[in-house]
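**Q** any chance you can model this:
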Amino acid sequence: MGSPWKPILLLSIISGLSESEEFGPVFIHEPGDVIFPLDSDEKKVMMHCEARGNPPPTYSWYINGTALDAEADYRYSFIDGNLIITNASEITDYGRYQCKAENSFGNVLGREALLQFAYLGTFSGKTRGGVSVREGQGVVLMCTPPPHSPEIIYSWVINEFPSFVAEDSRRFISQDTGNLYISKVQPSDVGSYICLVRNTVTNARVLSPPTPLTLKTDGVMGEYEPKIEVHFPTSVLAAKGLTVRLECFALGNPVPTITWRKINGNIPKKARLRKSQAVLEIPNIQLEDSGTYECKAENPRGGTAFKGHLQVYTLPQWVRMINDTQMDSGEKLQWECKAMGRPRPTYHWLRNGLPLTSQGRMEIVNGELTIHRVQQTDSGMYQCVAGNKYGSINSNAELKILALAPVFVHNPVRVIATLGKDILLECKPKASPKPRITWKRGDRRIQQSRRIMLLRNNTLRIVNSSRADEGNYVCRAENELGSAEMTAVLWVKEAMRVELSPIRVEVTVGESVVLSCKAAHDTSLDVAFQWFFNQRPINFQQDGNHFEYIQTQSSTVDLMIRSILLKHAGKYGCRAQTSADTVFTESELLVRGPPGPPGVVIVEEITDTTATLSWTRGLDNHSPISTYNIQARSPFSLGWQTVQTDPDPVTGDMESAMAVELNPWVEYEFRVVASNAIGTGDPSAPSRGVRSKEAVPKVAPSNVSGGNGRRHELVISWEPISEEFQNGEGFGYIVAFRANGTRGWKERMVTSADSTTYKYRDETFPPLTPFEVKVGVYNNKGDGPFSKEVIIRSAEGEPREAPSDVKAYSFSSSEIRVTWKPPNPGPGRPRGYELSYWKDMEQEDLGKKQRTLKNETSMVLTGLEGNSLYLITVKAFNSIGEGPATAAVTVNTRRAPPAQPPTNLMWIQEGNNVTLNWDPVKAKDNESDVIGYMVLLKQEGKGHNQVTRTINPSTMLSLPEGGTYIIEVRALSEGGEGAVSSQVRIVTSSGVRAKSNQCSVHCMPQSLTWTALLLVLLVPLASW
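**A** Numbering: from 1, shown residues only. Next up is the predicted model:
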């Protein structure tokens, strides 16, 4: 059983000075610059300040270095660290503000924050005088803006708002002066001009009184050289990171052209020209953008230029800052702060908000502060302030001078050491000034010897410990403020022994193994184990699929490694740890598996059908490599394919071989795969792509066939040879043919490798003449083989005769049936027929065409116009072309059916029978005569319809069962079916008789006797 307390091998007796819970103020939030709109409804300005500290800090505020008194001025109030100014005004409240945070450890001043006020006054109401110039003369219209803060944006309006003046190469509005510049006045410029200004903060706008611009009538201004009227200052200062705008505009006739350059340098690439090059804009200005810039105005009469220097400044930025420091009395303090900026910053120091100077023990040299022999009175909050004329920054730190009698946080301390090992007993009390340290054992002061010695840091070292060293050791610490003692109780235990088995083990991929770690140690101490793989702790949660931690006994643990992979090979360590010592031992695990990938594959030599390859041997993973497999990939293969080799097989001791039976003129990549008794490993990386040499083609075209074509044509077709088997450049086909029974071959070259057809035309041979045909191949290396000879007949051609016995008759106003007989049998067999039809007042080529689906000899033409004369021709066609057309036959479509539907439908129901009557339909002069009527009866929800035809305007219908029925009536004529009547809906039940008409569902004859009454509705519905 372990001891009731957790002993440790080496105790660091808590040393040094821990950070006090109390500290001086540190800013969390310092005030920033504020622009406050005077027309704001809030009427309150708030400036934020927050600091942390213990005790919590209190706050005070300063304006331009003078303290604010909230009691003396009711407009000021403090909430936490924030300053609130009520009814703020520019006269009394404009300025730079600072927040001071203070507690018992000192005070610090925050950075300065500028409070400005945003406003925009109004233009003077005084009428502005007109400006009159000659045409072609330049002019400047003055804006003279009202009082404002901060910046404003200028624009100009001509005649009335919002007709703004558009800026171009001739007109320019300066955002520096606000004036409108017109380099060359034109008649279109005449008008009344108004300057509009907008405050960038409040967005308020005001308009100036109008300035009339007129043209003089005493002539036109001649040409004159440019005169630069607006330009940037001769010296421009800009803060790093901002956007700089340089303006330059000139008057002149003709209108001058503005160009820019940088003297002794190039204009930055990021720069942009705006407003017809009158503005050079440089965003994100950097130090390297400084320099002299020149704008030049030119026209045919001359030119002028202006130069100005752009200087970029940077606010101070810290390179080195000061940090909180705790020191003992009498020590030397050295602080250094360093900042960079342009111009170079200067430094001054503050303590508790008051400036410091070199005097007595204190030396200040720029950013360095030195205090010799620090005293308690030097404690406080220090600030290093670095600044140039564009701003300043603060670095704050607290200096604590400690005064503390010695005290030990942990006392007594128990230390367990290992027999024969060195022991270190530390003594580091909290104390200031530094205490004097003495050690004793029991009542006797310890005397140093070769085995026991006191180190400079007051640690007691015991070399080669033994049981005799056990006991109590007392460290005494003393300074002028007091003294304290700490007792270290030392035990010396036997060293722990750890056995890890097996020390070395070999396994095959997929197998499992158990490593056992057993510790022999002092039974009074607890032991803890940890497993490592290649010096790294094993994460059993992350790697639980392969590693399992098994606790077999209190002093023995096992590591189960299951489903072993190649990556599991390496060193496995077991670390056993007690309070006294730590022992680490390792075992080696070798994993046999398939070989690793071979090294780089190099193509040493390539021919038309072979490639000599070499590679470097990969890892055999503890099982000798038996064979290598060579694989190739080309644009024509389905992935990687094994190739034939010389020698075959390629044994494991070889590092080169020849791939054989390759195809000529093909781009190949090669890789090598190794195998051993365990299995086949991963492939090597592919070689670089190489192309095999050219050779004569060896594969003849297949599926040579033909036929079809036009009359007197022999059409020969074949399947093209894949690029894989073309074997070189300049590939093509040789087409050879001869009439059956003749001796000499005709040969034709087809130079396109993608061709699949050749057509030979000779008007001397009749249709369907048999030919012997073969197709060969060739490339730049020579001719390849021919295909087998096949018999192909020449084309039979398009149909040669027209159909006969064409008849056409109309059976409605929109339909004509046409019939014909096919042409006589012979070459040019039809595959279908095409009908052309057109009205007698139209041209034939504007007519319509329809084709039969197969060799049908009749067709119904639909969608025709009624009472019209049509002309119709028929021709046969096949895949080759069309034959001659028949002579046109004529036929009249019938007159259109009546457009008037049957009306005034009346009906009487008796049992399952309904008697229906309607008014007869009379056809108009241009309509077909009525020859009868068609009545449609359908039951809702049923798919079956009942159609009744009658020559009279009445009929009797049978309703087989109860339900809802719909009745519709149409007139019939030679021209087809007429318009449909309104639908009648009859709702009925079995065994009920009723009588009604379309006048009203309540209009019933009084003379009829009803056995039962059924209410029947007549409802007009949509047509069917």
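**Q** and the pLDDT at the closest residue in space to G241 that isn't next to it in sequence?
**A** Nearest residue to G241, sequence neighbours excluded (C-beta to C-beta, 6 or more residues apart in numbering): N284, at 5.9 Å. (Each C-beta comes from the backbone N, C-alpha and C, glycine too.) Looking at N284, its pLDDT stands at 94.
**Q** do the same with the one 4 residues further on
**A** According to the predicted model, the pLDDT of E288 comes to 93.
**Q** let's number from 685 now, not from 1
**A** Shifting the count to begin at 685 puts that one at E972.
**Q** relative to G1547, how far out is it?
**A** E972 is 81 Å from G1547, where distance means C-beta to C-beta, to the nearest Å.
**Q** likewise for T1207?
**A** Distance of T1207 to G1547, given as C-beta to C-beta: 110 Å.
**Q** between the two, who's got more neighbours?
**A** Shown here are T1207 and G1547; by other C-beta atoms under 10 Å, T1207 has more neighbours (11 against 7).
**Q** got the buried residues for the host helix or strand of F801?
**A** Element membership for F801, per DSSP states H and E: strand 797-804. Applying a neighbour-count criterion of 16 or more other C-beta atoms under 10 Å, one finds A797, L799, Q800, F801, A802, Y803, L804 buried in strand 797-804.
**Q** tell me the one among the residues you listed nearest to M1342.
**A** A797 (84.1 Å; C-beta to C-beta).
**Q** coming back round to it: closest to L1250 among the buried residues of strand 797-804?
**A** Distances from L1250 to the buried residues of strand 797-804, taken as C-beta to C-beta, are shortest for A797 (66.5 Å).
**Q** my guess is that closest one meets R780, correct?
**A** Yes - using C-beta atoms under 8 Å, A797 is in contact with R780, at 6.9 Å.
**Q** state the mean pLDDT of the strand holding F801.
**A** For strand 797-804, the per-residue pLDDT values average out at 93.
**Q** got any ranges where this structure has weak pLDDT?
**A** 685-704, 1673-1708 (pLDDT under 70).
**Q** now do the residue nearest the centre of it against I966, distance only.
**A** Residue closest to the average C-alpha location in the chain (C-alpha atoms, centre = their mean): K954, at 26.2 Å. Here K954 is placed at a distance of 7 Å from I966 (C-beta to C-beta).
**Q** other SSEs contacting the lengthiest strand in the chain?
**A** For the chain, the strand with the greatest residue count under DSSP state E is strand 986-1004. The contact analysis (3 or more C-beta pairs under 8 Å, 6 or more residues apart in numbering; DSSP states H and E) places strand 986-1004 against strand 908-915, strand 919-923, strand 928-937, strand 975-983, strand 1022-1026, strand 1064-1072, strand 1075-1086.
**Q** can you redo those strands as a markdown table with mean neighbour count and distance to V1158?
**A** Shown next, in a markdown table, are these (neighbours: other C-beta atoms under 10 Å; distance: least, C-beta to C-beta, whole Å):
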| stretch | mean neighbour count | distance to V1158 |
| --- | --- | --- |
| strand 908-915 | 19 | 87 |
| strand 919-923 | 14 | 66 |
| strand 928-937 | 24 | 74 |
| strand 975-983 | 20 | 75 |
| strand 1022-1026 | 18 | 48 |
| strand 1064-1072 | 23 | 39 |
| strand 1075-1086 | 20 | 25 |
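**Q** closest to K1465 out of those strands?
**A** Here strand 975-983 is closest among these (C-beta to C-beta), at 68.7 Å.
**Q** can you list the strands that that closest one pairs with?
**A** Each strand paired with strand 975-983, and its direction, by DSSP bridges: strand 941-946 (antiparallel), strand 986-1004 (antiparallel).
**Q** can I get those in JSON lines with mean neighbour count and distance to L1199?
**A** Formatted as JSON lines, those follow (neighbours: other C-beta under 10 Å; distance: least, C-beta to C-beta, whole Å):
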{"stretch": "strand 941-946", "mean neighbour count": "18", "distance to L1199": "74"}
{"stretch": "strand 986-1004", "mean neighbour count": "16", "distance to L1199": "54"}
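**Q** redo those strands as JSON lines? Include distance to I1107.
**A** Output for these, formatted as JSON lines (distance: least, C-beta to C-beta, whole Å):
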{"stretch": "strand 941-946", "distance to I1107": "74"}
{"stretch": "strand 986-1004", "distance to I1107": "42"}
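**Q** which one of those lies nearest to V1211?
**A** Among the strands paired with strand 975-983, if distance is taken as C-beta to C-beta, the winner is strand 986-1004, at 49.9 Å.
**Q** any idea of the angle the closest one forms with strand 928-937?
**A** 170 degrees (axes from the mean of the first three to the mean of the last three C-alpha atoms, to 10 degrees).
**Q** tell me the helices and strands packed up against the helix or strand following strand 986-1004.
**A** Downstream of strand 986-1004, the next assigned helix or strand under DSSP H and E is strand 1009-1012. Secondary-structure packing of strand 1009-1012 (3+ C-beta pairs under 8 Å, 6+ apart): strand 1017-1020, strand 1075-1086.
**Q** hmm, try it at 6 Å
**A** strand 1075-1086 (3 or more C-beta pairs under 6 Å, 6 or more residues apart in numbering; DSSP states H and E).
**Q** right, I'll leave it there.
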